[in-house]
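*Asks:* no sequence on this one, just coordinates:
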Ligand SMILES: [Fe+2]
Ligand SMILES: [Fe+2]
């Protein structure tokens, strides 16, 4: 969408934009109403809202919160896997894992960039992550105990992320939607490399197969929690769906993920740790067991196995990187001064 700011389309907004007789006072309630109408019409018509367009304050703050949380998850998510770079079993595996972890840093950068188009500053968002005022996905508070965890994260965690994120490519906010297109392409490589890693282990020795099964046992339930609380407890869902930030409910996406994973687990020769998994002919979906939401709430509250470790590591990395930010700022200032003179 490009036309909401000037001139706003339709009704009294047109009169205001042209300053004609009966024009609404700029910024007055009448003008605001017209802008809201134009915004609603653009969302209804599936047009993109762009940074310069007028948008309701609550839409802006919801997006900043969601995009920031997403960006934080990308950079915190580098930690559990980076833990295995030095111990990857071959040069090929090491190169793949390094590329993947670097991709996640890139995803963080695209997303902080998208949040900046809404008027949030990167420093402020990072401060909020560091002092716990903003969250990241609770999945990254679980430890990576064996090499097979790298496979399980790729297959399940990146797989769940894709299921969540593909619909975000059609999100109503342009910069977020476009960032997601790029991210999803890379996420599908992440998912494939995880699957391929697990397949190699599952077809390996008995010990390797057991290691793969153990990793899947530990990552399955937390990956189902990645879709967020059940629909009837999800605080922001309805409004986000109305704004077309979100296109499907948490439970819908979770079901889609389960339906994708069951045949893949079968192909891997691994078992999903849920005795209640059953094909439901009537629904045309897999039924699955109850999720332990108490565990989810505990991890979210900061009581997961690695919450403290992840944040401590992030703060230290930020402090250690201060000289890079200072040098980059000095370099940019020097260039700006040069081109001004
Ligand atoms: Fe990512
Ligand atoms: Fe990823």
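*Replies:* Sure thing, it's come through. Remember, it's a predicted structure, so these values are computed and weren't measured experimentally. Residues are numbered from 1 along each chain as shown. Ligands and ions are numbered 1, 2, ... in the order given.
*Asks:* ok, residue 298 - contacts?
*Replies:* Taking CB atoms under 8 Å, 6 or more residues apart in numbering, we find residue 298 in contact with residue 304. The C-beta positions use only the backbone N, C-alpha and C, and glycine is treated the same way.
*Asks:* quick check, it in a strand?
*Replies:* No - Residue 298: not assigned to a strand; according to DSSP: H, G, I helix; E, B strand; the rest coil it is helix.
*Asks:* interface residues of the stretch 51-200 of the chain facing ligand 2?
*Replies:* 158, 187, 190 (CB under 5 Å from the ion).
*Asks:* which residue sits closest to the residue in the chain positioned nearest to ligand 1, ignoring its sequence neighbours?
*Replies:* Nearest to ligand 1 in the chain, going by CB to the ion, is residue 107, at a distance of 3.8 Å. Of all residues not flanking residue 107 in the chain, residue 74 sits nearest, at 4.1 Å (CB to CB, 6 or more residues apart in numbering).
*Asks:* list the contacts for the one you found?
*Replies:* Contacts for residue 74 were tallied using CB under 8 Å, 6+ apart; they are 104, 105, 107, 108, 111.
*Asks:* look at it and give its secondary structure.
*Replies:* Going by three-state DSSP: residue 74 is helix.
*Asks:* and the pLDDT at it?
*Replies:* pLDDT recorded at residue 74 is 97.
*Asks:* can you check residue 27 too?
*Replies:* 62.
*Asks:* do residue 2 as well
*Replies:* 47.
*Asks:* same deal with residue 159?
*Replies:* The model's pLDDT for residue 159 equals 97.
*Asks:* which ones are touching it?
*Replies:* Counting by CB under 8 Å, 6+ apart, residue 159 has contacts 191, 194, 223, 257, 260, 261.
*Asks:* before we move on, what about residue 199?
*Replies:* Going by CB under 8 Å, 6+ apart, residue 199 touches residue 268.
*Asks:* tell me where the model's unsure across the protein.
*Replies:* For the chain, the stretches flagged by pLDDT under 70 are 1-27.
*Asks:* go with 50
*Replies:* 2-24 (pLDDT under 50).
*Asks:* near ligand 1, which residues of it are found?
*Replies:* 74, 104, 107.
*Asks:* got the residues you listed as a markdown table, with distance to residue 315 columns?
*Replies:* Below are the residues of the chain next to ligand 1 laid out as a markdown table (distance: CB to CB, whole Å):
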| residue | distance to residue 315 |
| --- | --- |
| 74 | 17 |
| 104 | 18 |
| 107 | 20 |
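*Asks:* in terms of distance to ligand 2, which of the residues you listed ranks first?
*Replies:* For the residues of the chain next to ligand 1, the nearest to ligand 2 is residue 104 (5.5 Å; CB to the ion).
*Asks:* for that closest one, give its distance to residue 75.
*Replies:* Applying CB to CB, to the nearest Å, the value for residue 104 to residue 75 is 7 Å.
*Asks:* contacting residues around the residue of the stretch 201-341 of the chain found nearest ligand 2?
*Replies:* Here the stretch 201-341 of the chain gets closest to ligand 2 at one residue, residue 226, 12.1 Å apart by CB to the ion. Applying CB under 8 Å, 6+ apart, we find residue 226 in contact with 137, 138, 139, 157, 160, 161, 164.
*Asks:* ok, now with 7 Å
*Replies:* Going by CB atoms under 7 Å, 6 or more residues apart in numbering, residue 226 touches 137, 139, 160, 164.
*Asks:* wasn't the last one part of a helix?
*Replies:* This points to residue 164. Yes - checked against three-state DSSP, residue 164 lies within a helix.
*Asks:* so what's the residue in the stretch 151-300 of the chain positioned nearest to ligand 2 up against?
*Replies:* For the stretch 151-300 of the chain and ligand 2, the shortest gap (CB to the ion) falls at residue 190, measuring 3.7 Å. For residue 190, the contact set (CB under 7 Å, 6+ apart) comprises 100, 103, 154, 158.
*Asks:* how about it, secondary structure?
*Replies:* helix.
*Asks:* ranges for the strands of the stretch 101-250 of the chain?
*Replies:* Counting by DSSP state E, counting those that start in this stretch, one finds no strands in the stretch 101-250 of the chain.
*Asks:* what sits closest to residue 194 if chain neighbours are left out?
*Replies:* Closest to residue 194 by CB to CB, 6+ apart is residue 154, at 1.7 Å.
*Asks:* what residues are up against the one you found?
*Replies:* Per CB under 7 Å, 6+ apart, neighbours of residue 154: 190, 191, 193, 194, 195, 197.
*Asks:* circling back: now, the most widely separated pair of the contacts of residue 226?
*Replies:* For the contacts of residue 226, with distances taken as CB to CB, the pair at the greatest spread is 139 and 164 (11.3 Å).
*Asks:* this completes my enquiry, with thanks.
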